[in-house]
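1. 3D, please:
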Amino acid sequence: MSSSPASSSPAPAAQQPGQLLGGGRYTLLWMLAAGGSCLIWLARDERLGGTVALKFLQPHLAGDPHMRQELRQEAVQCRRLSHQNIVQLYDLYEAPGEDSFLVMEFVEGASLHTLRLERAATVFTWADLRPIILQLCSALDHAHAEAVIHRDLKPANIMVDQAGRVRLADLGISASLDDPYTELLGMRDTRGTVTFMSPQQHEGEPPQVSDDIYALGATLYELLCGVPPFHAGDIQHQLQAVPPQPIEARLKEKQLPCDTPVPVQEMIMKCLNKDPAIRPVSVRALAQVIAPEVVTQPLFLTPPPTATRSAPAHTGKRGTRGRFSNEFYIVMLVLGALLVIAIVTLWMVLAK
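-> Presented below is the predicted three-dimensional model:
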């Protein structure tokens, strides 16, 4: 992969706190995260106020046309997704003399990876994990309905904000189910995190919903057991040929109790089956094992685990039942009374 600049224009300077970018709109505050190919910065929006997250390519990749196209493709994929449990994309900024970057919602919280490590036994109980996973299922259900496969689902890419609301993040290598060129050109993409990817994704087969189902199972396994299904030795061989250890047995080795219901344990192990035909057919089918009542909802939306139901705030829009205000009805009653008085008065005059 070439890292040479696409043009002879001077390379932009590396990002620094206090730097103004995006035509002077965004002020960089501090770096939030650094990955193999990208950097995430917290920035202040000088035009609208508030903070946003800016996603840049690593400096040695910023001039690579292929990587810039990848960043653009991520923006295209994210634009298809509008959901309360998916990090929102605001914009893609591209301009001569500046690094391209994505402008995204800033989630003030922590990843499930970090939250797990902060727990006493570095594992979640099922009681604590259940409402989080239902929100994650809601996000994946929406993505799959839009024919988008995440392909890098793992605890580090799942954020939980301070209100307890889940945000699915990092669709950088997501793929579309309706992309005809992957199969037509025989393209094989094996990117992802090997401890969470399906055997089929590891072999570079075309993306399928079953890949995310496997990754969701591996994510649940790590959050409940403290380690992914395969984490030591020849992981690539185990991924293809060795069944994972059952959840209860893994916890017993660590002398930890298991509060995960047996049907949920069985469902997670089906997600991790080498054969995609044995995995749950959809995220909804998986969620139905966790909570049969939620999958009947039209939009399959789940509230944050700490949220309390309250009366909706006034938004200026009136629903079908609250179309008119109380003042309207009072005025109509007064007018009706005046009309009755006028009719009675007129009748008395005519009667004389």
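2. Is L224 in a helix, a strand, or coil?
-> Put simply, L224 is helix when judged by DSSP: H, G, I helix; E, B strand; the rest coil.
3. which residues of the stretch 201-350 of the chain fall in helices?
-> 209-225, 235-241, 247-253, 262-271, 283-290, 326-351 (DSSP state H, counting those that start in this stretch).
4. Make a markdown table from the ones you listed and add distance to A43, mean pLDDT and mean neighbour count to it.
-> The way it works is simple: take the backbone N, C-alpha and C, and place the C-beta from them, glycine included. A markdown table is the format used below for the helices of the stretch 201-350 of the chain (distance: least, C-beta to C-beta, whole Å; pLDDT from 0 to 100; neighbours: other C-beta atoms under 10 Å):
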| stretch | distance to A43 | mean pLDDT | mean neighbour count |
| --- | --- | --- | --- |
| helix 209-225 | 29 | 97 | 25 |
| helix 235-241 | 37 | 90 | 14 |
| helix 247-253 | 41 | 95 | 16 |
| helix 262-271 | 37 | 98 | 18 |
| helix 283-290 | 33 | 94 | 20 |
| helix 326-351 | 45 | 76 | 10 |
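5. Out of the ones you listed, which is closest to L168?
-> helix 209-225 (10.5 Å; C-beta to C-beta).
6. can the helices of the stretch 201-350 of the chain go into CSV with extra columns for distance to G192?
-> Formatted as CSV, the helices of the stretch 201-350 of the chain follow (distance: least, C-beta to C-beta, whole Å):
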stretch, distance to G192
helix 209-225, 8
helix 235-241, 11
helix 247-253, 23
helix 262-271, 16
helix 283-290, 18
helix 326-351, 57
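7. To Q84, which of the ones you listed lies closest?
-> helix 283-290 (15.6 Å).
8. residues making contact with the host helix or strand of T27?
-> Using DSSP states H and E, T27 sits in strand 26-34. Contacting residues not belonging to strand 26-34 are listed as 15-21, 39-46, 51-54, 58, 103 [C-beta atoms under 8 Å, 6 or more residues apart in numbering].
9. thinking again about what came up before, right, and the helices of the stretch 201-350 of the chain - which one's nearest V87?
-> helix 209-225 (16.4 Å).
10. hang on, the earlier thing: just the contacts of strand 26-34: which are in strands?
-> Members of the contacts of strand 26-34 lying in strands (criterion: DSSP state E): 20-21, 39-45, 51-54, 103.
11. Of those, just the buried ones, PyMOL syntax please.
-> Buried subset of those, written as a PyMOL selection, criterion 16 or more other C-beta atoms under 10 Å:
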select buried, resi 21+39+40+41+42+43+45+52+53+54+103
